[in-house]
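Novice: Let's see this in three dimensions:
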Amino acid sequence: MQVQDIMTRQVVTAAPDASIRDVAILMSEIDSGVIPVIDGDLLGIVTDRDIVIRAVAEGLDTNRPVSEIMTSGIESCLETDELREAASRMSELQMRRLLVFDNAGTIKGIISLGDIALLNEELAGVALEEISDDASRQ
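Specialist: Sure thing, here's the model as predicted:
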């Protein structure tokens, strides 16, 4: 099975000048923990963790632009990758989500461990265990 068979296809994005607060509200409305930041091109992503660690915990004004707390250096996979490859990549990178691109470099979706778990609990469990084990050793 390929990533495109189970990925979330409706990707909601934010502009780099959107406020941290507005992006947090958007996450709540769409029930997602990740929002790509786009300004013509993909600049980064903002996760719920970014908001907590880089904004709230630091006392940053949530009216500041989300570009100040976004994560650069996006990790991804291709929509045609096998599910097992994506899960392995998540384990290797210590990530619970990957952006999904087509061969032309266009964002096509997002895949999460939750998506994988809906289809294959064992595969998701192995990936999560590796992520958790490595995180606890750091």
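Novice: And the strands in this protein?
Specialist: Along the chain, the stretches classed as strands by DSSP state E are 34-39, 41-47, 76-78, 97-101, 107-112.
Novice: helices or strands up against the last one?
Specialist: The one in question is strand 107-112. With contacts defined as 3 or more Cβ pairs under 8 Å, 6 or more residues apart in numbering; DSSP states H and E, the packing partners of strand 107-112 are strand 97-101. All C-beta spots, glycine's among them, are computed from the backbone N, C-alpha and C.
Novice: Which strands and helices lie in contact with the strand it packs on?
Specialist: For strand 97-101, the elements it packs on are strand 41-47, strand 76-78, helix 83-93, strand 107-112, judged by 3+ Cβ pairs under 8 Å, 6+ apart.
Novice: Out of these, which is closest to Ser32?
Specialist: strand 107-112 (7.9 Å; Cβ to Cβ).
Novice: what's the average pLDDT for the closest one?
Specialist: For strand 107-112, mean pLDDT is 94.
Novice: what does stretch 118-135 give?
Specialist: 59.
Novice: still on that earlier bit, okay if I get the strands of the chain as JSON lines plus distance to Arg9?
Specialist: Formatted as JSON lines, these follow (distance: least, Cβ to Cβ, whole Å):
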{"stretch": "strand 34-39", "distance to Arg9": "13"}
{"stretch": "strand 41-47", "distance to Arg9": "16"}
{"stretch": "strand 76-78", "distance to Arg9": "14"}
{"stretch": "strand 97-101", "distance to Arg9": "9"}
{"stretch": "strand 107-112", "distance to Arg9": "5"}
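Novice: Now do the same contact list for the residue positioned nearest the centre of the chain.
Specialist: In the chain, the residue lying closest to the centroid (Cα atoms, centre = their mean) is Arg97, at 4.2 Å. With contact set as Cβ atoms under 8 Å, 6 or more residues apart in numbering, Arg97 has these partners: Gly33, Val34, Thr47, Met90, Ile110, Ile111, Ser112, Leu113.
Novice: possible to save those residues as TSV with distance to Arg84 and neighbour count?
Specialist: As requested, those are exported to TSV (distance: Cβ to Cβ, whole Å; neighbours: other Cβ atoms under 10 Å):
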residue	distance to Arg84	neighbour count
Gly33	23	17
Val34	22	21
Thr47	24	20
Met90	11	24
Ile110	18	24
Ile111	12	27
Ser112	15	21
Leu113	13	21
